[in-house]
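J.: With the input below, show me the fold.
(2 chains)
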Amino acid sequence: MRVTVRLFAGLRDIAGSSELRIDLPENATAGSLWDSLATEHSELAKYRNVISTAVNEDYAKLDCTLSDGDEVAFLPPVSGGQHNDSNLSPVTDV
Amino acid sequence: MVVSPFLITNAPLKIEQVVKAVYDATNSTSVRHGAVTSFIGQVRGQNSGKQVLKLEYEAYEPLAIKTFERIETEAQSRWPDIVMALHHRLGILAVGETSVAIAASSPHRAESFAACRYAIERIKQIAPIWKHEFFEGGDIWIEGATADPDDEDAREDAYRRACV
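T.: Numbers count the residues shown, from 1 in each chain, chains lettered A, B, ... in the order given. A predicted model of the protein is given here:
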């Protein structure tokens, strides 16, 4: 099967492309797709635990199984300040 | 002209537009709200001690619009009568330009202030929008938190900030 990959911001800069068409084996997951990208572009590997994933324009988990024609977007951390569970530290951006 | 309540655009933002969007949305009901709160986020001249030259914003647009809709729905689960408009700018912005404009309308002022604050906190947490900062001597993609709409701790944090 073939899927479309969308990459944004810092991820796009590393991969050198905002959109890729990739052939995958049946039963591939978003996570296995990410791992194959990170094998090709080693600088991506450090993002594995901080990216978000969207499949067909909805947030999804890395373990979700992909289908032919899916659009899979990998989203680096967004611009918002880190939240802190224990206190209401001032937000320093905006 | 009808103003879309949820918008991602390369065009300059006007606060009047988000206010009009919530005004028009509440005009179609028989009961006019008593309060509209608005918020403008603009490009700051200094960040982390550096002089900012410009910012570039990028988004995954269809998911960003869905996320804006989700944020309104979340707000309505806390404050049922809230009506909201969220507009975000993309592209290259100079210092002082408006990057985000929000309006929240409600029958009474407390809810509209809280919902407006809640909305900007949630945009920062979960909207797929990225900021590329250009400063004297370099540039960097600002990478804060992983966007996870189902992270209840983050959502609760936004709620607490909104109700301070």
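
J.: Got the phi and psi for residue 69?
T.: Since you didn't name a chain, this refers to chain A. phi 90, psi -10 (degrees, to the nearest 10).

J.: One more: A:D68?
T.: Taking degrees, to the nearest 10 as the convention, A:D68 sits at phi -60, psi 130.

J.: so who does the most far-flung residue of chain B relative to its centre touch?
T.: The centre of chain B is farthest from one residue, B:G137, which by CA atoms, centre = their mean lies 29.4 Å away. By CB atoms under 8 Å, 6 or more residues apart in numbering or on different chains, B:G137 lies in contact with B:K50. Bear in mind the C-beta positions are built from the backbone N, C-alpha and C, glycine included.

J.: wait, A:T4 sits on A:E19?
T.: Yes. The pair A:T4 / A:E19 is scored as a contact, 6.4 Å apart, by CB atoms under 8 Å.

J.: So what pairs up with A:L20 in the strands?
T.: Beta bridges link A:L20 to A:V5, judged by DSSP bridges.

J.: What count of nearby residues applies to A:S18?
T.: Neighbours of A:S18 under the rule other CB atoms under 10 Å in any protein chain shown: 14.

J.: So it sits against A:R6, correct?
T.: Yes. At 6.7 Å, A:S18 counts as touching A:R6 under the criterion of CB under 8 Å.

J.: average pLDDT across stretch B:93-110?
T.: Averaged across stretch B:93-110, the pLDDT comes to 97.

J.: Quick one: distance of it to the chain centre.
T.: 7 Å (CA atoms, centre = their mean, to the nearest Å).

J.: That one near chain A at all?
T.: Yes. Remark: stretch B:93-110 sits within contact range of chain A at B:99-100, by CB under 8 Å from any CB of the partner chain.

J.: burial measure for B:E111, as a count.
T.: The number of residues packed near B:E111 is 23, by other CB under 10 Å.

J.: Now do the same contact list for the residue nearest to it when sequence neighbours are not counted.
T.: Nearest residue to B:E111, sequence neighbours excluded (CB to CB, 6 or more residues apart in numbering or on different chains): B:W79, at 4.2 Å. When contacts are counted by CB under 8 Å, 6+ apart, B:W79 touches B:106, B:111, B:114-115.

J.: Pull the most distant pair out of those residues.
T.: By the measure CB to CB, the contacts of B:W79 have their two most distant members at B:S106 and B:A114, which lie 8.8 Å apart.

J.: ok, the two, which is more surrounded?
T.: B:S106 (26 against 22).

J.: next SSE after whichever strand or helix holds B:S99?
T.: Element membership for B:S99, per DSSP states H and E: strand B:98-106. Per DSSP H and E, the first helix or strand lying C-terminal to strand B:98-106 is helix B:109-126.

J.: Show me where the chain has its strands.
T.: Defaulting to chain A. Using DSSP state E, the strands found in chain A span residues A:2-7, A:19-23, A:52-55, A:58-60, A:71-75.

J.: ah, no, chain B please
T.: Counting by DSSP E, the strands of chain B are B:6-9, B:35-42, B:46-47, B:50-59, B:83-89, B:91-94, B:98-106, B:129-135, B:138-142.

J.: can you pull the contacts of A:S36?
T.: A:22, A:24.

J.: gap between A:E26 and A:L66?
T.: 9 Å (CB to CB, to the nearest Å).

J.: Comparing those two, which shows the higher neighbour count?
T.: A:L66 (23 against 9).

J.: list the contacts for the residue lying closest to that one once chain neighbours are set aside?
T.: Among residues not flanking A:L66 along the chain, A:A28 sits closest, at 5.2 Å (CB to CB, 6+ apart). Contact analysis of A:A28 by CB under 8 Å, 6+ apart lists A:1, A:3, A:65-66.
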